[in-house]
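Trainee: Quick one, structure for this:
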Amino acid sequence: QVQLVESGGGLVQAGGSLRLSCAASGRTFSTYAMGWFRQAPGKEREFVATISRSGISTYYADSVKGRFTISRDNAKNTVWLQMNSLKSEDTAVYSCAARQNYRSSGTVPEAYDYWGQGTQVTVSS
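Mentor: Next comes the predicted model:
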């Protein structure tokens with residue numbers, strides 16, 4: 001089992017940057033592909049980015065491509081989401097998630113086995 005704890009959210013002006021962290025418990029972190037999702041009020045949970053177990057492969061939603069970067073360090077049991085050029089529409093609760101099925105595309109919530117509690121990101125215009 002994996003426990004995930006996000007941090008790094010906050011209030012930032014449009015055009016600014018934030019770096020979210022997701023710390024995982026357990027010794028098997030490297031066996032999980034990881035993803036970030038977000039959910040704005042009144043909207044469904046939305047895929048943001050995913051990274052392979054090794055960290056070599058990444059994939060992004062079109063809405064964040066070129067602005068966000070997902071990365072991981074298996075020695076530190078941590079995955080990050082660097083968010084640059086933030087826009088008001090990026091405002092949401094951001095959650096990290098872990099999946100054992102590394103063959104999945106990882107773009108839908110149903111593919112994931114474990115979730116963090118989420119961290120609020122608010123972008124003011």
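
Trainee: Tell me who's in contact with the most centrally placed residue in the chain.
Mentor: The structure's the chain has its C-alpha centroid closest to residue 36; by Cα atoms, centre = their mean the separation is 2.2 Å. Shown in contact with residue 36 (Cβ atoms under 8 Å, 6 or more residues apart in numbering): 20, 22, 48-50, 70, 79, 81, 94-97. Yep, even glycine has a C-beta here, placed from its N, CA and C like the rest.

Trainee: Against residue 25, how distant is it?
Mentor: Noted for residue 36: a distance of 18 Å to residue 25, by Cβ to Cβ, to the nearest Å.

Trainee: Now do the same for residue 93: helix, strand or coil?
Mentor: Of the three states, residue 93 takes strand according to DSSP: H, G, I helix; E, B strand; the rest coil.

Trainee: close enough to count as contact, it and residue 119?
Mentor: Yes: here residue 93 reaches residue 119: they are 7.0 Å apart, a contact under Cβ atoms under 8 Å.

Trainee: Mind checking which of these two has more residues around it?
Mentor: Looking at residue 93 and residue 119 with other Cβ atoms under 10 Å, you find the greater number of neighbours at residue 119, namely 22 against 18.

Trainee: give me the beta-bridge partners of that one?
Mentor: Beta-bridge partners recorded for residue 119 (DSSP bridges): residue 94.

Trainee: pLDDT below threshold where in this protein?
Mentor: Filtered on pLDDT under 70, the chain yields no residues whatsoever.

Trainee: Strands along that one, start to end?
Mentor: 4-7, 10-13, 18-24, 33-39, 46-51, 58-60, 68-73, 78-83, 92-99, 114-115, 119-124 (DSSP state E).
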